[in-house]
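In: predicted model, plus sequence, below.
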Amino acid sequence: MLQSIRDRSQGWLTWFLVITICITFALWGIHSYFESSGTNQTVASVNGEVISKQQWQLAYEHLREQAAQTNVESQDMTTFLKQQALETLIKNKVLSQAALQAGYRVTQAQLNAVLSQIPVFNVDGQFSAERFNEAVARMGYTPNGFMQALKAELLQNQLQSGFIIGAFALPNEVQQIQTLLNQRRDISYVIIPSAQFKNQTITSNQVAEYYAQHQEKEFMLPEQVSIEYLELDLDKLSSEQMVTEAELKQYYQDNLAHMTQPARYHLAHIFLKLPNDASSQQSQQTQAKLTKLAAELKTAERFSELAKTYSDDLMSAKQGGDLGWSKLSDLEPSISSVVSKLTKAGEITAPIRTQAGYEILKLVAVEPAKVLPYEQAKNELKHRLAQQKAQQVFTDLSDKLADLSYSNPNSLEIAAKALNLNVQQTGLFSRQGGDTSLTRNTKILASAFNKDVLDGNNSDVIELTPGKVVVLRIKQHQAAIPMPLAQVKSMIEAKLEKQAIQSQAKQMAEQVVASIDASQSLDQLAKKYGLKWNNLNALSRHSEIPDSAIVKTAFGMTLPVDKNKTPAQLVKLPAGDYAVVVLRGAANLPPAKLSAQANEAFANELALSYAQTAYELYVDRMMRQAKVERSEANT
């Protein structure tokens with residue numbers, strides 16, 4: 001439990017981040033989570049509610065994409081990820097049902113509030129329905145499917161938060177845990193290096209037996225495919241578009257508003273700030289002070305002097321209030337409306353009320369708005385116009401590509417000839433991806449290993465990025481095959497030798513522990529096994545020396561009731577060696593005196609740990625009570 005508190009308790013802020021995790025899951029989640037099509041096969045049901053094969057396959061693809069980043073590739077990993085995907089879907093379904101049964105609900109107002117906080121759905125800081133529809137479509141969602149998935153996540157978050165709200169830790173518990181965390185222990189330990197048992201003999205029969213037993217899990221060349229594909233690229237189409245001089249000039253005239261560089265204003269100011277909770281009297285006093293200063297501003301030099309003396313904007317005050325150049329769009333509305341009326345250098349405004357206080361502005365200089373000359377804008381206009389033309393061509397060709405590849409599912413040649421595209425090819429690659437960016441693309445992998453495509457049909461049109469689409473088909477399909485024994489023999493021998501070495505080290509460690517339990521002295525054992533005991537006194541549970549595994553073992557051992565008994569325990573170290581740890585004694589030191597704030601934070605962390613444990617037990621109970629039926633045939 002103490003280790004759990006140390007590892008998992010990061011303060012109450014952790015729980016406020018749960019919603020962020022939920023949103024992340026939703027963004028990467030399962031397409032149309034609650035929209036099971038009638039044509040979907042069922043892979044499981046939870047208390048009568050079904051989980052479709054489509055949901056399971058997409059959940060698996062997400063996990064597989066994450067695993068691919070670790071470069072782990074094996075049949076065993078594939079099986080594990082498929083099982084994990086299904087169990088995650090089942091667990092999410094159980095918890096959503098439990099939340100509803102417990103009376104939790106998610107209102108439309110709550111959904112709207114969360115949506116407004118997701119940056120990808122915002123334009124200029126405001127939620128945009130158009131941006132929302134575009135974004136969820138790119139994620140592979142329908143708008144309703146996304147909303148239902150988000151709603152399910154918020155429901156589960158409410159359920160989990162319910163445990164947090166009611167969690168607390170009593171003062172005596174806080175004191176007891178602090179005392180235990182501050183405890184010191186005296187230990188002796190010995191390391192039994194595996195290397196002393198090297199040169200183990202591994203027979204051919206052992207190698208053959210291991211190969212036979214682990215062939216499917218460890219020694220399979222994964223299923224691979226190579227593809228041929230057609231690609232439409234908007235950038236390439238753009239470079240091929242012809243744009244005439246007449247078209248460019250007309251486009252320039254049609255877009256003069258975009259060719260205009262806005263006016264720029266060189267400003268200086270004297271700023272007097274107001275606190276956020278300023279009273280009306282404070283506001284009036286500050287305004288009066290600034291009005292008095294304004295009456296003294298007879299010359300530009302005088303403005304600079306007063307800015308250095310009185311301005312609360314310390315950075316600009318050093319420069320006599322100078323703010324540099326700004327466009328009206330850069331300024332606060334209350335300021336831009338005043339600045340737009342300034343025309344002559346040296347003009348000084350009356351005091352202006354802003355969000356942070358009051359200020360006086362001086363116009364140092366102004367650059368009027370000016371239209372970018374045609375010759376300067378020409379190259380940029382040509383690029384834009386070519387892109388516009390290419391976009392229309394791209395849309396038309398994409399539609400034709402979709403039609404031709406669908407109506408001629410057994411070949412790409414007809415579409416290639418009709419659209420003047422080249423059929424391109426790749427080498428073999430597995431579900432974990434290949435050597436090129438294309439064959440590592442998750443959309444390509446999902447499509448290439450789709451059953452319909454593996455059966456010989458063209459894929460749907462795949463949008464790799466905005467402006468780049470692909471249609472593919474299988475060129476070669478190579479099923480998973482076992483690696484020859486001769487190829488993996490040395491690997492198996494090394495593995496078996498390592499296992500044998502570690503087994504010998506473990507046996508000696510077990511013998512040492514058994515001897516200590518039989519009350520043999522440490523000195524006797526040192527002579528018998530040729531060991532050297534290391535003694536550590538006043539060891540802290542936070543120490544990383546001599547080894548974190550030894551420290552963790554030492555503080556996981558129970559002090560004996562019988563003082564004549566010496567607790568001993570073996571532990572495997574990261575390098576494969578074994579250690580025997582002997583607990584000689586413990587001392588409870590007074591806990592460090594904490595401030596009231598630090599003590600409260602510690603109590604909150606302890607309460608959070610209680611809440612986490614209670615929630616995990618609740619989840620376990622809900623999973624055991626749920627009626628779950630899995631369809632092995634469909635998984």
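Out: Good, I have the coordinates.
In: could you count how many residues lie near the residue nearest to N450 when sequence neighbours are not counted?
Out: Nearest non-adjacent residue to N450, counting by C-beta to C-beta, 6 or more residues apart in numbering: S459, 7.0 Å away. (Glycine included, C-beta is placed from N, CA and C.) Here the number of neighbours of S459 (other C-beta atoms under 10 Å) works out to 23.
In: what does L472 give?
Out: 25.
In: break the chain down into its domains, please.
Out: Here the domain parsing of the chain from automatic domain parsing is 2-169+612-634, 183-200+485-587, 223-243+376-479, 263-368.
In: mean pLDDT added to those domains, as a markdown table?
Out: Converted to a markdown table, the domains of the chain look like this (pLDDT from 0 to 100):
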| stretch | mean pLDDT |
| --- | --- |
| domain 2-169+612-634 | 73 |
| domain 183-200+485-587 | 88 |
| domain 223-243+376-479 | 92 |
| domain 263-368 | 85 |
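In: turn those domains into CSV, columns for distance to V207.
Out: Listed next are these as CSV, based on distance: least, C-beta to C-beta, whole Å:
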stretch, distance to V207
domain 2-169+612-634, 20
domain 183-200+485-587, 5
domain 223-243+376-479, 25
domain 263-368, 73
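In: between these, which gets nearest to Q597?
Out: Proximity to Q597 (C-beta to C-beta) singles out domain 2-169+612-634 among these, at 12.0 Å.
In: buried stuff in stretch 575-586?
Out: Buried residues in stretch 575-586, defined by neighbour count with 16 or more other C-beta atoms under 10 Å: 577-583, 586.
In: run the chain-centre distance for it.
Out: Averaging C-alpha positions (C-alpha atoms, centre = their mean, to the nearest Å) puts stretch 575-586 38 Å from its chain's average.
In: for stretch 195-210, same thing?
Out: That offset, for stretch 195-210, works out to 43 Å (C-alpha atoms, centre = their mean).
In: ok, now stretch 499-519?
Out: 43 Å.
In: what of stretch 182-194?
Out: Distance, centroid of stretch 182-194 to centroid of chain: 38 Å (C-alpha atoms, centre = their mean).
In: what are the buried residues along that stretch?
Out: Judged by neighbour count (16+ other C-beta under 10 Å), stretch 182-194 contains these buried residues: 182-183, 185-192, 194.
In: same question, stretch 611-629
Out: 611-612, 615, 618-619, 622-623, 626, 628.
In: before we move on, what about stretch 462-480?
Out: 462, 464, 467, 469-474, 477.
In: which of these fall in strands?
Out: 462, 464, 469-474, 477 (DSSP state E).
In: which two among these are spaced furthest apart?
Out: Largest pairwise distance in those, by C-beta to C-beta, is 23.3 Å, between V469 and H477.
In: ok so, going back, Throw the buried residues of stretch 182-194 into a markdown table and include distance to S595, thanks.
Out: Formatted as a markdown table, the buried residues of stretch 182-194 follow (distance: C-beta to C-beta, whole Å):
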| residue | distance to S595 |
| --- | --- |
| N182 | 16 |
| Q183 | 22 |
| R185 | 28 |
| D186 | 31 |
| I187 | 33 |
| S188 | 38 |
| Y189 | 37 |
| V190 | 42 |
| I191 | 41 |
| I192 | 46 |
| S194 | 48 |
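In: and of those, the nearest to L297?
Out: Closest to L297, out of all of the buried residues of stretch 182-194 and judged by C-beta to C-beta, is N182, at 64.5 Å.
In: how far away is that closest one from V120?
Out: 47 Å (C-beta to C-beta, to the nearest Å).
In: ok, now S279?
Out: From S279 to V120 the distance is 41 Å (C-beta to C-beta).
In: so which of the domains of the chain gets nearest L256?
Out: The nearest among these, by C-beta to C-beta, is domain 223-243+376-479 at 9.8 Å.
In: which strands or helices does whatever helix or strand R624 lives in pack on?
Out: Remark: R624 resides in helix 596-625, with elements defined by DSSP states H and E. Helices and strands touching helix 596-625, as assessed by 3 or more C-beta pairs under 8 Å, 6 or more residues apart in numbering; DSSP states H and E, comprise helix 2-8, helix 75-101, helix 143-165, helix 171-181.
In: roughly how far out does the third one sit from the chain middle?
Out: Centroid separation between helix 143-165 and its chain, computed with C-alpha atoms, centre = their mean, is 18 Å.
In: now S336. Nearest residue, chain neighbours left out?
Out: L328 (4.4 Å).
In: quick one: the one you found and P262 touch, right?
Out: Yes. The criterion here is C-beta atoms under 8 Å, and L328 meets it with P262 at 6.7 Å.
In: quick revisit: distance of the residue nearest to N450 from G324?
Out: 55 Å.
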